[in-house]
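*Asks:* Here's my sequence, what's the structure:
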Amino acid sequence: METKTTQLQIRVSPKQKWMLKNLAKRANLDMSEWILTKLLPPQKESFHLLVRRLSQEKEPRFILAELNDFLTDLSAQEFAEVVREPPPMIADPYWLNYLAAMLEYAAQQKGVEPSPWLSEIPPLPKPVFGSDLESLRLHLLTQALPSFRRRNIFIDASLGDQV
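*Replies:* Residues are numbered from 1 along each chain as shown. Just a heads-up that it's a prediction; the model follows:
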């Protein structure tokens, strides 16, 4: 958790302040902590951290596995909240599309609409295969999940699978 060094003030009516105090009290939190958990849920912070790490790693397989576990464990409501706004963007188009495909697949698995910002990410211009072996390409073409295929990524494992 980051050290808090600045203050943010908002104007509320006396009735709103009373309501916020009571909601925080019921959650056994002070008002600031309660408001922060509503505006910046811990899961959203964790998601953004994982995406930041994904964008910085040379070999991100372990972070993808962490991200996979993280997304799999979220409820549909938590998932929708966590991915409502875009995380810090990834410069590498392949990893950005890989993340987008994971999120689109997770949305489908959890029965929620994919976040609109995902459709703004253009798919890769050329296909990328999970193996250099020519003999596996037909298999990957037929087995890749639709969310990955739409983004020109051809692999045969994704969210919920073990890496």
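*Asks:* which parts of the helix-or-strand element of the chain with minimal mean pLDDT are buried?
*Replies:* Sorted by mean pLDDT, DSSP states H and E, the helices and strands of the chain end with helix 31-39, the least confident at a mean of 80. Counting neighbours by 16 or more other Cβ atoms under 10 Å, one finds that the buried residues in helix 31-39 are 34, 35, 36. C-beta: built from backbone N, CA, C; applies to glycine.
*Asks:* same question, stretch 105-114
*Replies:* Residues of stretch 105-114 classed as buried by neighbour count (16+ other Cβ under 10 Å): 105, 106, 107, 110, 114.
*Asks:* measure that stretch end to end?
*Replies:* Distance between the two ends of stretch 105-114: 9 Å, counting by Cα to Cα, to the nearest Å.
*Asks:* Tell me which residues are up against it.
*Replies:* For stretch 105-114, the external contacting residues (Cβ atoms under 8 Å, 6 or more residues apart in numbering) are 71-72, 74-76, 79-80, 83, 103-104, 115, 145, 147-148, 158-160.
*Asks:* from these, which ones fall inside helices?
*Replies:* By the criterion of DSSP state H, membership of the contacts of stretch 105-114 in helices covers 71, 72, 76, 79, 80, 103, 104, 147, 148.
*Asks:* tell me which of these is nearest to residue 7?
*Replies:* Nearest to residue 7 among those is residue 80, at 30.4 Å by Cβ to Cβ.
*Asks:* From residue 68, how far off is the closest one?
*Replies:* Taking Cβ to Cβ, to the nearest Å as the criterion, residue 80 is separated from residue 68 by 18 Å.
*Asks:* Could you check which of these two is surrounded by more residues?
*Replies:* Looking at residue 80 and residue 68 with other Cβ atoms under 10 Å, you find the greater number of neighbours at residue 68, namely 20 against 17.
*Asks:* measure that one to residue 103 for me?
*Replies:* Computed as Cβ to Cβ, the residue 68 to residue 103 distance reads 11 Å.
*Asks:* Strands along this structure, start to end?
*Replies:* 128-129, 153-154 (DSSP state E).
*Asks:* Can you tell me the closest non-neighbouring residue to residue 130?
*Replies:* What sits nearest to residue 130 in space, not counting adjacent residues and going by Cβ to Cβ, 6 or more residues apart in numbering, is residue 155, at 3.8 Å.
*Asks:* Right, I'll leave it there.
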